[in-house]
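Colleague: requesting a structural model of the entry that follows:
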Amino acid sequence: MSMDAKLPSRVVVVGNEKGGSGKSTVAIHVAVALLKSGQSVATIDLDSRQQSLTHYVENRRAWAKRVGRDLDTPEHICISSDAGDESARCQALADAVDALSQTHSFVVIDTPGHDGRLARLAHSMAGTLITPLNDSFVDFDVLGTVDPDSFAVSGTSHYARMVEEVRHERFLADHGRIDWVVLRNRLSMLGTRNKRLVGAALSELAGKLDFRSVDGLAERMIFREFFPCGLTALDDLDEVTLGTRPTMSHATARLEVANLVESIALGLRGTGTREDANVQRSDAA
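Modeller: Residues are numbered from 1 along each chain as shown. Next up is the predicted model:
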C-alpha cells in the first residue's frame with residue numbers, strides 16, 4: 001500500500017497522546033474479542049520504546065505454552081526503531097497494513113503516547129479510533145479545556161485538533177469516515193462529583209467533535225495482574241488457564257469487557273461474549 005492508497009475499512013487504532021491511559025490493555029482485549037468472534041486479527045505495536053503490546057503478546061504466547069492451553073493470539077508486528085528513521089517507519093507501517101489486510105479481517109494498531117508523523121499516519125488509517133481516557137480532568141485536557149467555575153467546555157486541545165485534522169484529510173483522500181470512540185477508563189465504582197462533571201464535559205465535547213463516549217474499564221487490580229501472563233478477561237476462567245482459582249473479580253472484569261466490546265460496535269454479531277460472561281459470573285459465585 002502506498003501511503004496515499006485507499007485504506008481497508010477494518011483498521012482499529014487505539015490512540016491517545018497521554019501515557020498511562022490503558023491503550024495496550026484495551027488493544028489486546030479488543031483483539032482477543034475479535035478472535036473469539038471468529039475473526040482473523042493482526043496487531044501492530046508502534047510504541048518502539050515501551051512496546052507494551054508486544055510484551056503483552058509475548059507473555060501470552062509464553063503462558064499458553066507453560067499451561068498447555070491454546071490461547072487465541074493475534075499475529076503481531078512491532079515496528080521498532082530498528083526499521084529506520086520516522087519516514088522509514090511510516091513506510092513500514094503502510095506496507096504492514098497493506099500486507100496484513102489481505103489476510104486478516106481486522107488490524108488493531110497500538111500507537112505511541114506522543115504526536116508525530118507515525119502516530120498521525122496510524123490515526124489516518126483508522127476505520128475505528130478508540131481513545132482510552134482516564135476519568136479525570138487531568139486526562140480530559142488532551143481533548144478539551146473547561147471553565148474552572150462552571151466546568152463547561154471552553155475549547156478543544158492538541159490531541160482533539162490532531163484527530164480533527166486527520167479525519168478531514170481522510171475524507172478528502174477517499175471519503176472515508178473515522179468512527180471515534182472515547183472510553184472513560186479507570187472509572188470509579190462509586191458515584192462522585194468528579195465522575196459526574198467529567199461525564200457532563202465529555203457529553204458536551206462529544207457533540208462538538210463527533211465522537212461517542214462509552215464506559216471503559218473500571219479501576220480493577222485484576223487487569224494489572226493479567227499482564228505478566230498475557231491473559232485477558234475473555235480467556236477461560238479456570239484454574240489451569242489462570243494459574244489460580246477464579247474469583248468474582250475475574251467474572252466481573254469479563255462482563256465489563258463484554259459490555260465494552262459491544263459498546264465500541266465493530267459490527268460483530270453472535271459472539272456469545274455476553275452470555276459467556278454471565279455463565280462465568282455464576283460459576284465464580
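
Colleague: please count neighbours and contacts with C-alpha atoms only from this point.
Modeller: Will do.

Colleague: average pLDDT for stretch 99-108?
Modeller: Across stretch 99-108, the average pLDDT comes to 94.

Colleague: wait, stretch 117-126
Modeller: In this model, stretch 117-126 has a mean pLDDT of 94.

Colleague: which of the residues in it are classified as buried?
Modeller: Using 16 or more other C-alpha atoms under 10 Å as the test for burial, stretch 117-126 gives Leu118, Ala119, Arg120, Leu121, Ala122, His123, Ser124, Met125, Ala126.

Colleague: setting aside sequence neighbours, what's the nearest residue to the third one?
Modeller: Leaving out its chain neighbours, the residue that sits closest to Arg120 by C-alpha to C-alpha, 6 or more residues apart in numbering is Val166, at 7.0 Å.

Colleague: same question for the first one.
Modeller: Closest residue to Leu118 apart from its sequence neighbours, by C-alpha to C-alpha, 6+ apart: Cys90 at 5.4 Å.

Colleague: one step back: what's the spacing between the residue nearest to Arg120 and Arg69?
Modeller: Going from Val166 to Arg69 by C-alpha to C-alpha, to the nearest Å gives 41 Å.

Colleague: show me which of those two is the more surrounded one.
Modeller: Regarding Val166 and Arg69, a neighbour count based on other C-alpha atoms under 10 Å identifies Val166 as having more, with 19 against 13.

Colleague: going by contacts, tell me the helices and strands next to the host helix or strand of that one.
Modeller: Here Val166 sits within helix 158-174, counting by DSSP states H and E. Counting by 3 or more C-alpha pairs under 8 Å, 6 or more residues apart in numbering; DSSP states H and E, the packing neighbours recorded for helix 158-174 are helix 117-124.

Colleague: show me what the helix it packs on packs onto, helices and strands only.
Modeller: If you count contacts as 3+ C-alpha pairs under 8 Å, 6+ apart, helix 117-124 packs onto helix 86-103, helix 158-174.

Colleague: quick one, helices of this structure?
Modeller: Secondary structure of the chain (DSSP state H): helices located at 23-36, 52-67, 86-103, 117-124, 137-140, 158-174, 193-209, 221-226, 239-242, 248-264, 273-284.
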